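**Student:** Curious how this folds, go ahead:
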Amino acid sequence: MGRDFTLYALVDGVVRFDHANKRSRRANVVPSSNGAASGSAA
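**Tutor:** Numbers count the residues shown, from 1 in each chain. Now for the predicted structure:
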């Protein structure tokens, strides 16, 4: 059975994924400079 991890951000920005270690990944939200996420569809 698959896993479902729901993420939500407290600030507008772009989500970047990186490796916390060899086995796990980490999601980071990089805040946008103008207050709106760039490249988002409205």
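
**Student:** pLDDT (mean, whole number) over stretch 20-29?
**Tutor:** If you average the pLDDT over stretch 20-29, you get 88.

**Student:** what about it, distance to the chain center?
**Tutor:** Centroid separation between stretch 20-29 and its chain, computed with C-alpha atoms, centre = their mean, to the nearest Å, is 11 Å.

**Student:** same deal with stretch 11-31?
**Tutor:** In this view, stretch 11-31 has its centroid 5 Å away from the chain centroid, taken as C-alpha atoms, centre = their mean.

**Student:** ok, residue 12 to residue 26 distance?
**Tutor:** 20 Å (C-beta to C-beta, to the nearest Å). C-beta coordinates here come from the backbone N, C-alpha and C atoms, glycine included.

**Student:** Who has more neighbours out of those two?
**Tutor:** More neighbours surround residue 12 than the other of residue 12 and residue 26, with 14 against 10 (other C-beta atoms under 10 Å).

**Student:** for stretch 10-28, how far is the first residue from the last?
**Tutor:** From its first residue to its last, stretch 10-28 covers 11 Å (C-alpha to C-alpha, to the nearest Å).

**Student:** Residue 33: neighbour count?
**Tutor:** Neighbour tally, residue 33, other C-beta under 10 Å: 8.

**Student:** got a list of what it touches?
**Tutor:** Counting by C-beta atoms under 8 Å, 6 or more residues apart in numbering, residue 33 touches no other residue.
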